[in-house]
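J.: Need coordinates for the below:
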Amino acid sequence: MDNRIKNWAAVEKWAEIVGERIAKHTQATHVDTENLFVAVDNPVWQGQLFIMKAQILEKMKHFGITLKDIRFSIQSTPGKKKEDL
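T.: Numbers count the residues shown, from 1 in each chain. Sure, this is the predicted structure:
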């Protein structure tokens, strides 16, 4: 449970980790003990992020986040939080 709480920072700091441009097309939604789950607004961004996955995971280490994988899935409006819909 401690790792999951520590790794929750990946959700909270997602925009800071990936930058504003990528954050406009994505939303980190949740974590489990080893994975970050990210909603993406289209397949092109999903493919680009898949290529960038190792870089993103490496950058997360600078925030003390020890996730092993990022799972990207297509959603129609990832930039909007549920309460905004």
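J.: where does residue 33 fall, phi/psi-wise?
T.: With angles defined as degrees, to the nearest 10, residue 33 sits at phi -70, psi -20.
J.: my bad, should have said residue 27
T.: When read as degrees, to the nearest 10, the backbone of residue 27 gives phi -150, psi 120.
J.: Distance of it relative to residue 61?
T.: According to C-beta to C-beta, to the nearest Å, residue 27 stands 21 Å off from residue 61. From N, CA and C alone the C-beta is placed, and that goes for glycine too.
J.: of the two, who's got more company?
T.: Neighbour totals were compared for residue 27 and residue 61, and residue 27 leads with 21 against 10 (other C-beta atoms under 10 Å).
J.: doesn't residue 18 make contact with that one?
T.: No: Residue 27 is not in contact with residue 18 according to C-beta atoms under 8 Å; the separation is 10.7 Å.
J.: In terms of helices and strands, where is the most centrally placed residue in the chain?
T.: Nearest to the geometric centre of the chain sits residue 28, at 3.8 Å (C-alpha atoms, centre = their mean). Per DSSP states H and E, residue 28 falls inside strand 26-31.
J.: repeat for residue 71
T.: Per DSSP H and E: strand 69-74 holds residue 71.
J.: for residue 50, same thing?
T.: Element membership for residue 50, per DSSP H and E: helix 43-61.
J.: Which positions in that helix come out as buried?
T.: 45-46, 49, 56-57, 59-60 (16 or more other C-beta atoms under 10 Å).
J.: starting at the chain centroid, how far to that helix?
T.: For helix 43-61, the gap between its own C-alpha mean and the chain's C-alpha mean amounts to 9 Å (C-alpha atoms, centre = their mean, to the nearest Å).
J.: Now do it: which elements does it pack against?
T.: Helix 43-61 sits against helix 14-18, strand 35-40, strand 69-74, with contacts defined as 3 or more C-beta pairs under 8 Å, 6 or more residues apart in numbering; DSSP states H and E.
J.: Nothing else from me, thank you.
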